[in-house]
Structures are given as structure tokens and as C-alpha cells.
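Asks: the following block contains a protein sequence and its predicted model.
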Amino acid sequence: MSSVAVPRIWAVLPAAGVGRRMGAELPKQYLPLLGEPVICRTLSCLLGHSAVYGGVIALAEDDLHWATLQYQNVKPLHRVTGGAERRDSVMSALRFLLAEADDSDWVMVHDAVRPCVTERELDRLVARATAHAAGGLLAMPVRDTLKREGSQGTVAATTDREGLWHALTPQLFPLRLLYEALLAVIDADTPVTDESQAMELRGHRPLLIEGSATNLKITRPSDLTLAEVILKSYSLSESDTCV
Ligand SMILES: Nc1ccn([C@@H]2O[C@H](COP(=O)(O)OP(=O)(O)OP(=O)(O)O)[C@@H](O)[C@H]2O)c(=O)n1
Ligand SMILES: C[C@](O)(CO)[C@H](O)COP(=O)(O)O
């Protein structure tokens, strides 16, 4: 990792979703992954990174699962109540941090259901995003041909993939800038699917930082199986993994 001093970084984990597309009996962030709840593995990855000072998790108001986990970590970890949309859950964490953190701090927002993020990705994100005033996000260049669906499940068009990237997380921004950007989209009730979009709508240009194809978001049942294969491959290679 770069020897240049980096700002104090808080990990923010939106974890208030219900996991509709997973269709499991409990929210997917609590499903077992190699014997450990998904959220615990993700948290350990982020809080285990040397550049991360502490964390804030945004949980559903009626979340009864977290309290059963007795998750232990040596770094500060706070719980806030998430909201109806992702943006509201992240905002809830930012509001907490505005009271708790320094104005010069940065926030690393990461899906609680991306447990396969690697230390190398986090190193790269921290080094490059904190050197860019608008911050940055992990992303993957699109490698497949993209089709836009038309009527009755047919192809309406092929989308030019040149210059297109899949946004991943973590996404790393100055706390104050992200707060102001999210406040603006919430006040305008503008839907955003990631934090970078809110920054872009505010006129910022976050840096695209290449991440790993293994940094998948557990969304559907098959993703859990894939995540197990990925994590087992990490342990075999004994490198790159977080924990
Ligand atoms: N109101 C919401 C919605 C989502 N999330 C979090 O945002 C991350 C990515 O969202 P997604 O994969 O869409 O999770 P869900 O919303 O739970 O999935 P689904 O859309 O299938 O219900 C997850 O960690 C989820 O818990 C959140 O904190 N608050
Ligand atoms: C933030 C994200 O993971 C970047 O790809 C994605 O936008 C989350 O979308 P979701 O519908 O909330 O899963």
C-alpha cells in the first residue's frame, strides 16, 4: 500500500435489505457462507484493513438477527437504523458519522453482501481514491456484449460496451461531499443505485478503479454457491483474501 498518508476512513455497510431476489427465509446478509454469516465475513474484511478506522452498519428497524451474532471486533463499530432505500440506509450512517467523525474523514461504502472483496482491491481503492478529490469506486470493465431487452423477451438492441464498467463496492468518498450529494438526491427524491451516482449528479467525477471479477454481490441463490467456490479458492492460494 502507498506510503502517502491517507485520511481517516470509516467503513459504512448498508445491510438493511430484505433479500427479495434471494428468496431465503432470512435476509441474505445473514445466510451462512462457509459456516459464517455473510455479514460477518464482509465486516471482518473491511474492519481488518489497516486503513479502516471503524465501521457503521445500517440495519433494518426490525432486524433481530444482528443481536444474536455477538460479532466481536477490536475497532469501533456502530449500528444505525437503515431506511426504505439504499440511499436512506447510507444516509443514516452518514448522519451518525457527522456527529461522531471529523469533517476531514472519508467513508468507504460497501455492500454487506459482497464478502469476497480482497485486501489487494482495498489497498488499490484506498491508495487511488484518496488521491482524487472526488474519491473513487471499484469497478470492472464490461467484457460481454450487452443486449437491451425488447418486447416478448426479444432483443431490442445491442448496446455499445465501449467505455462501460460494472460498478462494484467499496466506493470511497470524502464524508462531507457524499453527505451533501446524498442529501440532494434524497431531497429531490431522485433514485440512485449507488453512491457514485449521487456524487455524479452533484457534478463530481469519481475515479474508476479496476476491481476483481470475484468481488460479486450475493443477490440470487446461485451467487452463494459461487461465493463459496471463490472463498475456497482464496484459501487454496493463501493470498489476496481478507481474512
Ligand atoms: N433499503 C435498503 C436496501 C438495500 N440495502 C443494502 O444494500 C446492499 C445491496 O443491496 P441488494 O443486493 O439489492 O440487497 P437487497 O435490497 O436486500 O436485495 P433485493 O433487492 O433482492 O431485495 C445490501 O447489503 C442491502 O442490505 C440497505 O441497506 N437498505
Ligand atoms: C452498489 C452496487 O452494488 C453497485 O453495483 C449496486 O448498485 C447495488 O444495487 P442493488 O440493487 O442495491 O443491489
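Replies: That came through fine. Numbering: from 1, shown residues only. Ligands and ions are numbered 1, 2, ... in the order given.
Asks: next one: the residue of the chain found nearest ligand 1 from ligand 2, what distance?
Replies: When scored by C-beta to the nearest ligand atom, the chain has Gly17 as its residue closest to ligand 1, at 2.1 Å. The way it works is simple: take the backbone N, C-alpha and C, and place the C-beta from them, glycine included. In this structure, Gly17 and ligand 2 are 7 Å apart, going by C-beta to the nearest ligand atom, to the nearest Å.
Asks: same question, Leu137
Replies: According to C-beta to the nearest ligand atom, Leu137 stands 8 Å off from ligand 2.
Asks: same check, this time on Gln72
Replies: Here the distance between Gln72 and ligand 2 works out to 27 Å (C-beta to the nearest ligand atom).
Asks: so who does the residue of the chain positioned farthest from its centre touch?
Replies: Relative to the C-alpha centroid of the chain, counting by C-alpha atoms, centre = their mean, Gln152 is the outermost residue, at 33.9 Å. Under the criterion of C-beta atoms under 8 Å, 6 or more residues apart in numbering, Gln152 has no contact partners.
Asks: next one: Asp111
Replies: Applying C-beta under 8 Å, 6+ apart as the definition, the contact partners of Asp111 turn out to be Leu13, Pro14, Thr42, Thr169, Lys217.
Asks: the last one against Ala112, yeah?
Replies: Put plainly, it is Lys217. No. The pair Lys217 / Ala112 is not scored as a contact, 9.9 Å apart, by C-beta atoms under 8 Å.
Asks: more crowded one of these two?
Replies: The residue with more neighbours, out of Lys217 and Ala112, is Ala112; 30 against 17, by other C-beta atoms under 10 Å.
Asks: what about the strands in this structure?
Replies: Counting by DSSP state E, the chain forms strands over residues 9-15, 32-33, 36-37, 52-59, 77-81, 106-109, 136-141, 146-149, 155-159, 165-174, 207-210, given from the N-terminal end onward.
Asks: can you tell me the closest non-neighbouring residue to the spatially most central residue of the chain?
Replies: The residue lying closest to the centre of the chain (C-alpha atoms, centre = their mean) is His110, at 1.9 Å. In space, and not counting its chain neighbours, His110 is closest to Pro170: 4.0 Å by C-beta to C-beta, 6 or more residues apart in numbering.
Asks: confidence score at Leu77?
Replies: At Leu77 the predicted local distance difference test score is 96.
Asks: now the one 10 residues further on
Replies: If you check Arg87, the pLDDT there is 98.
Asks: equivalent analysis for Leu236, please.
Replies: At Leu236 the predicted local confidence, pLDDT, stands at 67.
Asks: so that it lines up with my notes, have the first residue be 31 from now on.
Replies: Done: numbering now begins at 31, and the last item shifts to Leu266.
Asks: near ligand 1, which of the contacts of Asp141 show up?
Replies: Of the residues in these, proximity to ligand 1 by C-beta under 6 Å from any ligand atom holds for Pro44, Lys247.
Asks: contact partners of the lengthiest helix in the chain?
Replies: Residue-count comparison of every helix in the chain, with assignments taken from DSSP state H, identifies helix 251-267 as the longest. Helix 251-267 is touched from outside by 52-54, 58, 61, 63-64, 68, 71, 145-146, 148, 244, 246-248, 270-271, with contacts defined as C-beta under 8 Å, 6+ apart.
Asks: for ligand 1, what are the nearby residues on this structure?
Replies: Applying C-beta under 6 Å from any ligand atom, one finds that the chain approaches ligand 1 through 44-51, 59, 88, 112-116, 119, 141-143, 247, 249.
Asks: go again with 5 Å.
Replies: 44-51, 112, 116, 119, 141-143 (C-beta under 5 Å from any ligand atom).
Asks: any idea how far ligand 2 is from Glu225?
Replies: Here Glu225 is placed at a distance of 7 Å from ligand 2 (C-beta to the nearest ligand atom).
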